[in-house]
Every structure is written in structure tokens, then in C-alpha cells.
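> The sequence and its predicted three-dimensional model are supplied below.
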Amino acid sequence: MLLLRVAEEELVQLYLDEKLFSMVHFYVGQEAVGVGVCSQLNPDDKVLSTHRSHGHYLAKGGDLKRMVCELLGRSNGAARGKGGSMHMIDKSVNFVGSTPLLGSAVPLAAGVAFEEKYNKKGGVAVGFMGDGASEEGVVYETYNLAALYELPLLLVIENNTWSVNSNINERRGKKYDIATIAKGFGLPYLRADGNDFNDVSTKAAELLKGIRAGGGPAVLECLVYRHMAHSTPLMDDKQGLRREDTLERRLERDSMKLMRAELVKAGSTEAEIKDLEEATRREVREAIEFAKASPYPQQEEMFTDVFYE
Ligand SMILES: Cc1ncc(C[n+]2csc(CCOP(=O)(O)OP(=O)(O)O)c2C)c(N)n1
Ligand SMILES: [Mg+2]
């Protein structure tokens, strides 16, 4: 969680200096979801992600240097410097990929889960999506097909209540209830506090147990705060839209604050936590220096790697 948080903190200045070549969607605040879920996965399990991909990528063990190189458009980046923030991929750790078309990673995750089952590989596929993406038609179709084929698939909805600047209350009928929807498709469903690592990991573990036992797909909804604006690493509180998730409330329930309290409760000292923070910041700064010294893709590479291999 610390790596996810510090990596994005250190990337802010690069964004302001216009060094990040693609649009970026920061994961700050949502770390406990990606890490909580991925902490319950085996190395062979697969993960697919969204436009807000950095956290899922790092949580699954994706290479930090390759991520930063990708953000800076360098040829040794995750997508060879041609995909940017929304196209993270690291097949060496079974982070299968991320796509920015809302909801589109969900049927892809079902396809990956189908392959796991059909070829008796024994793994589980996880598809992350936002609350906005969860309203896409293809997601409902996937609930049905995944249930029909009893796929080893965990779908994780990160509900931060926002789709850009549209609040959930303005997008859904008054009685819309994702728990009822999931249950209507026959899918086990749990809701977790997405700011709280322990709650996310415990509920993910419970659902994964059923999936691994052959029980078919399940849905985990995590209620969480997006700290920053939709697609810039800056706060957007002055827009006056955040009536419920005010800065004060977000800071009070900040995932890192809760985790820090857990560590202290478990016996860690402030000095130990500070050492860990400093070591993590050094690691990130090294990755940034490495990326800055890395080459851009050559012009001849413009049309290579266009399709997934
Ligand atoms: C099919 C589609 N429609 C619209 C967009 C533009 N868009 C990008 S991110 C976003 C909001 C996504 O909200 P949510 O799924 O809740 O994820 P969050 O950004 O909150 O993590 C929108 C509308 C898109 N990428 N794909
Ligand atoms: Mg959202």
C-alpha cells in the first residue's frame, strides 16, 4: 500500500511538468482495495484492470520501473512506451492487462477465467471495475455468462461514488441495489469498507474460497474514497461537488492512516514506519531516474505491438 501511495505522490510533479505523456487516473485513497484483494491471490491467478490501473498493477507485483517508464513513454515501459497509464501489463506476474474502455476488462476477465477452467489450470481471474463501469451493459451480460459456465471469476467493484463528476445518486434509480442484482444472477456478493485493508482482504478471501471450491463467480463491492480529481493528480474540492466525501471525511478514513494505526497496534514503532517510508521513497525515486535515462521508442516501432500477442 505504501509503494502505491508513494509512487503516485512522487509522480505528481512529473505530471505538473507535463512529463507524463498520457492521461492519468490516480489511485490515491483506494490502495486497500487493490492490495487487499491481491494479497489473497496466488501467483498463478490473473488480474485485469481499468483506466485507474497503477494500484492494481503494483498490487499484483507489476514491475515499478516498467510502470514509470511506461508513464514517461520510454521503450522499456510495460507497453513499450506506447500505451501510457491506462495500458499497464506485466504478464510475468499474471497482470494480464488493463483497458480504459469502461467495463471492457470484465468480459475479458471472464474469458481468462474460462481458459483457466477449460484448460484445468486451476487459477482464478479477477476483474476490477469502477462503480461507473459496473453500469455498462456488457458487465450484466458477463454476470450471466460467468454464472452459466460457473467460471472461477471474482469481479471487484470499486465504488468511489463518482464517474468523472457524475455522482452515483444522479446515475441510478432510487432503489438500484447491486447486492440484489448480483444475487439475481445467482452470484455470491459481499460489500467491504474499501478504505480498510482488513475488511477487503477478509471478504475477498471468503469469496475466493467459494470460487476455488468450484462455486462459480462472485462479486465484491468495496466502498472507497477517491482522494484526487478524476484524471489529474490534484484535489478537486473547490469544484463544490463533494458533498458527502469531503476532504475532512476522506482524511479521517484514509486507507494509509488506518493501516498505520494497525501497524502501531501490532507493535511497529513510528521510527520503523518512517524507515519503511523512506526506503520506499528511495526506491520510487530510483525508478524515476531510471525512466528518465531510458530511451523513447524508435519511429520504426510506431506500428509494432498494436495488437495483443
Ligand atoms: C465506454 C466508456 N465510456 C466513457 C468513458 C470515459 N470515462 C473514462 S473514466 C470514466 C468514469 C469511470 O468511472 P468509474 O468506472 O466509477 O471509475 P473511477 O474513475 O471512479 O475509478 C468515464 C466516463 C470510457 N472510458 N469508456
Ligand atoms: Mg467511480
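All right, it came through fine. Just so we're clear, the structure is a prediction, and the values are computed from it rather than from any experiment. Ligands and ions are numbered 1, 2, ... in the order given.
> any idea how far the nearest residue to residue 130 once chain neighbours are set aside lies from residue 50?
Spatial nearest neighbour of residue 130, excluding adjacent residues (Cβ to Cβ, 6 or more residues apart in numbering): residue 158 at 5.5 Å. In short, each C-beta sits where N, CA and C put it, glycine included. Using Cβ to Cβ, to the nearest Å, we find residue 158 at a distance of 8 Å from residue 50.
> which residues are common contacts for these two?
Residues within reach of residue 158 and of residue 50 at once, by Cβ atoms under 8 Å, 6 or more residues apart in numbering, are 128, 129, 130.
> Which of these fall within strands?
Assigned to strands by DSSP state E, the following of the shared contacts of residue 158 and residue 50 qualify: 128, 129, 130.
> Tabulate these (JSON lines), appending pLDDT.
Formatted as JSON lines, these follow (pLDDT from 0 to 100):
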{"residue": "128", "pLDDT": "98"}
{"residue": "129", "pLDDT": "98"}
{"residue": "130", "pLDDT": "98"}
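> list the contacts for the residue in the stretch 101-250 of the chain that ligand 1 sits nearest to?
Relative to ligand 1, the nearest point of the stretch 101-250 of the chain is residue 130 (2.2 Å; Cβ to the nearest ligand atom). Contacts for residue 130 (Cβ under 8 Å, 6+ apart) come out as 50, 52, 102, 157, 158, 159, 160, 163.
> do that again at 7 Å, thanks
50, 52, 158, 160, 163 (Cβ atoms under 7 Å, 6 or more residues apart in numbering).
> Just confirm the third one is within a strand.
Yes - assigned with DSSP: H, G, I helix; E, B strand; the rest coil, residue 158 falls within a strand.
> what residues are up against it?
Residues near residue 158 by Cβ under 7 Å, 6+ apart: 30, 33, 128, 130, 194, 222, 224.
> which residues does it bridge with?
Beta-bridge pairing of residue 158 under DSSP bridges involves residue 130, residue 222.
> any idea how far it is from residue 69?
Relative to residue 69, residue 158 is positioned 26 Å away (Cβ to Cβ).
> Kindly report the same for the first one.
Spatial separation of residue 50 from residue 69 under the definition Cβ to Cβ is 21 Å.
> For stretch 21-29, list every residue counted as buried.
Buried residues in stretch 21-29, counted by 16 or more other Cβ atoms under 10 Å: 21, 24, 25, 26, 27, 28, 29.
> Helix, strand or coil: sort out the closest residue to the second one other than its chain neighbours for me.
Nearest in space to residue 24, with sequence neighbours left out and distances taken as Cβ to Cβ, 6+ apart, is residue 85 at 4.5 Å. Reduced to three states with three-state DSSP, the structure at residue 85 is coil.
> got the contact list for residue 85?
20, 22, 23, 24, 25, 53, 71.
> And the pLDDT for it?
Note on residue 85: pLDDT of 96.
> Same question for residue 145.
98.
> That one: which element?
Using DSSP states H and E, residue 145 maps to helix 137-148.
> Can I get that helix as CSV, trimmed to CA atoms?
As requested, the backbone C-alpha atoms of helix 137-148 are provided in CSV (Å, rounded to 0.1, in the frame of the first residue of the first chain):
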residue,chain,number,x,y,z
GLY,A,137,-24.4,-3.4,-20.4
VAL,A,138,-21.5,-5.8,-21.0
VAL,A,139,-21.0,-6.2,-17.3
TYR,A,140,-24.5,-7.5,-16.8
GLU,A,141,-24.0,-9.9,-19.7
THR,A,142,-20.8,-11.1,-18.1
TYR,A,143,-22.6,-11.8,-14.8
ASN,A,144,-24.9,-14.1,-16.7
LEU,A,145,-22.3,-15.9,-18.9
ALA,A,146,-19.9,-16.3,-16.0
ALA,A,147,-22.7,-17.9,-13.9
LEU,A,148,-23.8,-20.1,-16.7
